[in-house]
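make a model of this:
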Amino acid sequence: MFGIPGKQAVTMTPAAVTQVRKLMERDGRAGLRIGVKKGGCAGMEYTMEFVDEADKNDEIVDQDGARVMIAPMAQMFLFGTEIDYQTSLLESGFHFNNPNVADACGCGESIKFKDVEELQAERGDL
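Presented below is the predicted three-dimensional model:
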């Protein structure tokens, strides 16, 4: 696990908590697993899926009845992220306010993370 002892890896806004809880209850799911994968014009993309159970190496965050599981390969890149849920006239969806992002593409679907060494230095892991 990466991060600071006693601090949650990610947090959720009240809107995100409400939406995650609503979808968990509607579909009878254990929670939302988030991760990252290579792709997009900036190099990486977030992944999200509702799952029936956590994997043994997932970081699990429970907040007010909403459960998020962070895939092992994404834990370092998502630490400190705030998950929000926004609704507008044209779209609605989850948004990640992630301090580990160095750059994002214009469409907002793809991100580039800071170097691993930079992330570790910021957290005092080195």
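
in three-state terms, label the residue of the chain positioned farthest from its centre for me.
Centroid-distance maximum for the chain: Leu89 at 24.2 Å, with C-alpha atoms, centre = their mean. Judged by DSSP: H, G, I helix; E, B strand; the rest coil, the three-state class of Leu89 is coil.

how close does it sit to Gln63?
Leu89 is 28 Å from Gln63, where distance means C-beta to C-beta, to the nearest Å. C-betas here are computed from N, CA, C, even on glycine.

check Asp52 too.
Asp52 is 20 Å from Gln63, by C-beta to C-beta.

which of the two has more neighbours?
Legend: neighbour count by other C-beta atoms under 10 Å for Asp52 and Gln63, higher for Gln63 (18 against 9).

which stretches of this protein have low pLDDT?
Applying pLDDT under 70 to the chain flags residues 1-7, 42, 106-112, 114-126.
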